[in-house]
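Asks: sequence unavailable; structure follows:
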């Protein structure tokens, strides 16, 4: 587990500021941007809600099975009981949560990420135009500088 996934140690290298970054504090920190903070808050809020719905649905099913077995054994149609219908409903619930997550990412996360990425690329292109004399950057910046194009992960 990296220090960034645990929330310790601050932002990753390309977005650090200050004298230790070797840029004299010229570069703005992405983690300090209001858009980034709003993105984290929105994403966290969605995650908490989705988790609460999923766990709540499962907990309801387990509690009904434990304390109201007569209700869960009530036949609906043929061999289909209320308990079986609710159990199959768990799959539907998970499908709805995944679908809402995809909509959330497409509408709330992706536009903000594109804006922040554009800001970072604009700052990096400004650094390259100014000579970016100090080559203490990581391997990504060295490769991007040699090829004259941006890194593409695919």
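Replies: Yes, it's here. As the structure is a prediction and not an experimental result, all values here were calculated from the model. Numbering: from 1, shown residues only.

Asks: and residue 129, what pLDDT?
Replies: For residue 129, the pLDDT comes out at 75.

Asks: neighbours of it, how many?
Replies: Per other C-beta atoms under 10 Å, the neighbour tally for residue 129 reads 8. Where you see a C-beta, it was placed from the backbone N, CA and C, and this is true even at glycine.

Asks: do residue 127 as well
Replies: 17.

Asks: return the set of buried residues in the helix or strand hosting it.
Replies: Element membership for residue 127, per DSSP states H and E: helix 110-129. Going by neighbour count (16 or more other C-beta atoms under 10 Å), the buried part of helix 110-129 is 112, 116, 120, 123, 124, 127.

Asks: show me where the protein has its helices.
Replies: 34-67, 69-72, 82-104, 110-129, 139-147 (DSSP state H).

Asks: and the first one, average pLDDT?
Replies: Mean per-residue pLDDT for helix 34-67: 94.

Asks: now swap in the third one and tell me
Replies: Helix 82-104 carries an average pLDDT of 96.

Asks: who are the packing partners of that helix?
Replies: helix 34-67, helix 69-72 (3 or more C-beta pairs under 8 Å, 6 or more residues apart in numbering; DSSP states H and E).

Asks: for stretch 39-52, buried residues please.
Replies: Under the neighbour-count rule (16+ other C-beta under 10 Å), stretch 39-52 has 39, 46, 50 buried.

Asks: equivalent analysis for stretch 86-99, please.
Replies: Neighbour-count burial for stretch 86-99 flags 86, 93, 97 (criterion: 16+ other C-beta under 10 Å).

Asks: many thanks, we can stop here.
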